[in-house]
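1. attaching a predicted model along with its sequence, questions to come.
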Amino acid sequence: MTAQNENRTMYYGKGDVFVYRTFVQPLTGLRKIPESSFTERDNTIFGFNCQISLKGEAFLSSFTEGDNSLVVATDSMKNIIHRQAANYQGNTAEGFLKFICEVFLDKYSHIDAVELTATEVPFDHVLVPKGEGHENSDVVYRCSRNERATTTIEVKRTPTGSKIVKHSSGIVDVHLIKVKGSSFYGFIQDEYTTLPEAQDRPLFIYLDFDWEYSRWEDGTGADPEKYVAAEQICDIANTVFHELNNRSIQQLIYHIGIRILERFPQLANVQFKTNNRTWETVVETIPNSEGSVYQEPRPPYGFQGFVVTQEDVKQKKAADSTVGASR
Ligand SMILES: O=c1[nH]c(=O)c2[nH]c(=O)[nH]c2[nH]1
């Protein structure tokens, strides 16, 4: 095999493979953190939209010669995901993906690597009457949230067994508005500047996060104390947004990232992609009211990308203690 071939982009697979399993064992025993009341995931509905890709030099002749003798039909890939979902013994998306990747590698010896992404199909409890109050129904759920947890894993065959070469967990489409307590001022003022400085703006952000564990095993949920639930990550983001009188989205996501990594030292990094969807002001002051009237922002939209690592946490601690010592 030439070096060129080794690096060739070649894969095929199936997307939008929806799989639902009910009554998977609950995920309990998560580490409690001050920012979140989330302590367990009931897993009554374990539902994902999966995308699978198979990789391997053996597939070259299917592209160059139309030789299908080693082609696992993408339709069969879908069937494997569906049928093997019944055999998964764990209780996290990460563990499920690892399990499915191994099924493919064990079954077909000509596959070099399997990449699998799952995006949660989220369901919330609905409330039903109980006595004088209400409680969560344990049978009716509502498909409702914007945000969806995501997981990607790539497992590669090596001479000494399979190896995880890519893994990340995340959540996408978290949409948060803070109605006051955000500013944006002090930016470059020159002949191109038209944006007014804002001492207080209604900051509406779209966030996508990904996080990587230092040891991928911690992401499987085998030791729930080491597992980080997407719900907890969201609660940290909510809390930091609530607490921080932020000067920009850039500053906000740095602080969210630091808090996440402080709470969960088992994570190596948190990656952010954010979008600024701040409402446009239509009526700034309303007599006898603190409020204003806004409309949707018009495109184009600003965005940010940032990775916070455990090294940043160390540096911030060192910087904070220097400031503390000099006081
Ligand atoms: O939080 C922000 N960061 C920016 O860099 C920026 N630029 C801009 O026009 N609005 C904002 N808001």
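-> Sure, I can see it.
2. do you know how far the nearest residue to residue 251 once chain neighbours are set aside is from residue 258?
-> Closest residue to residue 251 apart from its sequence neighbours, by C-beta to C-beta, 6 or more residues apart in numbering: residue 244 at 7.6 Å. In this view, the C-beta of every residue, glycine as well, is placed from N, C-alpha and C. Counting by C-beta to C-beta, to the nearest Å, the gap from residue 244 to residue 258 is 11 Å.
3. next: residue 23.
-> Distance from residue 23 to residue 258, by C-beta to C-beta: 38 Å.
4. ok, the two, which is more surrounded?
-> residue 258 (19 against 10; other C-beta atoms under 10 Å).
5. my guess is the residue nearest to residue 251 meets residue 255, correct?
-> Yes. Here residue 244 reaches residue 255: they are 5.5 Å apart, a contact under C-beta atoms under 8 Å.
6. residue 197: what's it in contact with?
-> Residue 197 makes contact with 184-187, according to C-beta atoms under 8 Å, 6 or more residues apart in numbering.
7. the spatially most central residue of the chain: which element?
-> The centre of the chain sits closest to residue 170, judged by C-alpha atoms, centre = their mean, with a distance of 1.4 Å. Using DSSP states H and E, residue 170 sits within strand 161-178.
8. for that strand, list the C-alpha coordinates in PDB.
-> What follows is strand 161-178, C-alpha atoms only, in PDB (Å, rounded to 0.1, in the frame of the first residue of the first chain):
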ATOM      1  CA  GLY A 161      -7.000  -5.300  18.600                       C
ATOM      2  CA  SER A 162      -9.400  -2.400  18.000                       C
ATOM      3  CA  LYS A 163      -8.500   1.100  19.000                       C
ATOM      4  CA  ILE A 164     -10.600   4.200  19.500                       C
ATOM      5  CA  VAL A 165      -9.000   6.800  17.300                       C
ATOM      6  CA  LYS A 166     -11.700   9.500  17.600                       C
ATOM      7  CA  HIS A 167     -14.200  10.200  20.300                       C
ATOM      8  CA  SER A 168     -16.200  13.100  21.400                       C
ATOM      9  CA  SER A 169     -19.500  13.800  23.000                       C
ATOM     10  CA  GLY A 170     -21.500  17.000  22.700                       C
ATOM     11  CA  ILE A 171     -24.800  18.800  22.400                       C
ATOM     12  CA  VAL A 172     -26.000  21.000  19.600                       C
ATOM     13  CA  ASP A 173     -28.600  23.700  19.200                       C
ATOM     14  CA  VAL A 174     -28.600  25.000  22.700                       C
ATOM     15  CA  HIS A 175     -30.500  28.400  22.300                       C
ATOM     16  CA  LEU A 176     -30.200  30.700  25.300                       C
ATOM     17  CA  ILE A 177     -31.400  34.300  25.800                       C
ATOM     18  CA  LYS A 178     -30.200  36.600  28.700                       C
END
